[in-house]
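Predicted model follows, preceded by the sequence.
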Amino acid sequence: MQPNTSPSPIGTDAETRSHPWVIVLCMFITVIEGFNLIVYGSVIPLLLDDTALGLTDQTTGLIGGLVYIGAIVGSVAAPWAADRLGRKRVLLFAIALFAAGAVLTGSAISVPMLAAARFVTGIGIGGSLTTAMTAARNSSSARRASLVVTITMAGIPLGGVVASLLAIPILPAFGWRPMFFVGASTALAIMVAVALMTIPTDTPQEIAGRLWSTGRKLRVMFVGRGLVATLVIAACAIANMVAWQGLNVWATQAMVDLGYSLRVALLLTFTLTGAAVAGSFVAAWAADRRGSSIVAVATSSCTFVGLVGILVLPLSLPGTIACVALTGLGGHSTMNLVHTTTADIFPLSVRATALGWSNGTSFIGAFAGPVLGGTAIAAGGAHELLSVFASSAAVCVVAVLGLVWAGRTSAADASVQRVIPEADPMRGLTRRKASTARSNFSRNRAVGSTIDTA
């Protein structure tokens, strides 16, 4: 889809300035988030062997899911807080929160303490992820939107790779607790970088976000055709993450169940992650030229075709590698492109709230996928698991087609009234406020944005 073509004086056509250092910082933030999010899975065998905690398989899985429930809370609350306190302050608070959660996790002496620690970690991760993504997108030009979201979100799987590599020497020598202290230390380090970094606050994107009240933003998203677009985004995010995150958790076990050795299964899991990172940059390049929702149709189809291919093709290592790579490319890239489309389909004033919604609903899928996968593999092995994930991928393809329709409707309507009413950020403002906002916008175009270092 093409960017929203609102005729307001603060529209996406004004998104011409880039702040690359902010974008790089946001990527490093998501690397640390990815480490603290995924490290739990790396230490599960040692957690289960820790007799002081007395965890069962079921309890371990439930605690692992609590981080995503917390992330939903953080994703929804962060945009509201950022509009009042500024993105920099919210970033610092959210990073401090998941650093505290990591320390508490490493210090846990009981199951309730461990559960509470992972929930707190999730709130911090959800809040910082949504805020970092919004800050990065607001610091980029419109023609590089997909690439910027991809660069930012690439930090999540990269953080997971770092966690896996560090686990190899640390777990046998020191146990599971130091892994979380490492996560807390890296979070504190990135906090210093955020504190020293200047983040733009008077770009057209940021000005637009402060012009509307929370109630008005919610009305845009949940009334009329705005509601349709909002529900389609949720369907895309949930369906995609059920398949993608579910496969991330269960891929190794599924490959073993199909008859591959553990070593080969781990190789296939690495292929899944590697294809996700590499493929997302190819998808971003295409999306910045053809439109994010159009390319999302192709990437979501890759996920579906890859999963079906594993199910129906004769079992062979080359064929499985190809299908796993297709699935990896599709799952990660589709979520990035859904976020990019979400950022463009609504007016600038609603961007942060809309990204909070797409992130929050993606965490619902991230929680549900592993749970559904566990139930499926217990009931019918790898074939049942892959069938469930393929069905979810099919739902995602249909939902993304709906997102294409929503995007085209938005682009075709210059006033955006047919999709999302009240697209003009100046409407409803007092004359003095509107004059001030236009003055700020004009100054930005002439001499660049002013920076808040608070």
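Received, thanks.

Need phi/psi at residue 197.
Main-chain torsions, residue 197, degrees, to the nearest 10: phi -80, psi 140.

surely it meets residue 22?
Yes - Residue 197 is within contact range of residue 22, at 6.9 Å (criterion: Cβ atoms under 8 Å). No exception for glycine: its C-beta is placed from N, CA and C like everyone else's.

Please say which of these two ends up with more neighbours.
residue 22 (22 against 18; other Cβ atoms under 10 Å).

So the more buried one belongs to a helix, correct?
Yes - according to DSSP: H, G, I helix; E, B strand; the rest coil, residue 22 belongs to a helix.

and it, how far is that from residue 166?
Separation of residue 22 from residue 166 (Cβ to Cβ, to the nearest Å) stands at 27 Å.

Residue 292 too?
34 Å.

more crowded one of the two?
Per other Cβ under 10 Å, whichever of residue 292 and residue 166 has more neighbours is residue 292, with 31 against 17.

got any ranges where the chain has weak pLDDT?
Per-residue confidence for the chain (pLDDT under 70) gives these ranges: 1-18, 142, 200-206, 208-209, 407-454.

what's the closest non-adjacent residue to the residue nearest in space to the middle of it?
In the chain, the residue lying closest to the centroid (Cα atoms, centre = their mean) is residue 359, at 5.3 Å. In space, residue 359 comes closest to residue 75 once its chain neighbours are excluded; the distance is 4.1 Å by Cβ to Cβ, 6 or more residues apart in numbering.

Tell me which residues of the helix or strand harbouring that neighbour come out buried.
Element membership for residue 75, per DSSP states H and E: helix 57-85. Neighbour counts over helix 57-85 (16 or more other Cβ atoms under 10 Å) mark 59-60, 63-83 as buried.

what's next to stretch 36-54, contact-wise?
55, 57, 60, 63-64, 67, 98, 101-102, 105, 108-111, 114, 118, 121, 125, 156, 159-160, 163-164, 167, 171, 175-176, 179-180, 183, 187, 249 (Cβ atoms under 8 Å, 6 or more residues apart in numbering).

Now do that stretch: distance from first to last residue.
Chord length of stretch 36-54, first to last residue, is 23 Å (Cα to Cα, to the nearest Å).

Can you show me the strands along this structure?
For the chain, applying DSSP state E gives strands covering 199-200, 451-452.

burial count for residue 36?
The local packing of residue 36 (other Cβ under 10 Å) involves 31 other residues.

Skip the chain neighbours and tell me the closest residue to it.
residue 183 (4.4 Å).

Surely that neighbour and residue 33 touch.
No - using Cβ under 8 Å as the test, residue 183 is too far from residue 33 to be in contact (9.7 Å).

quick one: which of those two has more around it?
Higher neighbour count among residue 183 and residue 33: residue 183, with 30 against 27, using other Cβ under 10 Å.

From residue 332, how far off is the more buried one?
22 Å.

cool, residue 125 as well?
17 Å.

ok, now residue 318?
According to Cβ to Cβ, residue 318 stands 22 Å off from residue 332.

So which of these two has more stuff around it?
Set residue 318 next to residue 332 and count neighbours by other Cβ under 10 Å: residue 332 wins out with 29 against 7.

Now the more buried one. Nearest residue, chain neighbours left out?
Distances taken as Cβ to Cβ, 6+ apart place residue 276 nearest to residue 332, at 3.6 Å, with adjacent residues excluded.

Would you confirm that residue 342 contacts residue 355?
Yes - in this structure residue 342 lies within contact range of residue 355 using Cβ under 8 Å: 6.0 Å.

Compare neighbour counts for those two and give me the winner.
Neighbour totals were compared for residue 342 and residue 355, and residue 342 leads with 30 against 26 (other Cβ under 10 Å).

With adjacent residues omitted, what lies nearest to that one?
Counting by Cβ to Cβ, 6+ apart, residue 358 is the residue found nearest to residue 342 once chain neighbours are left out, at 4.4 Å.
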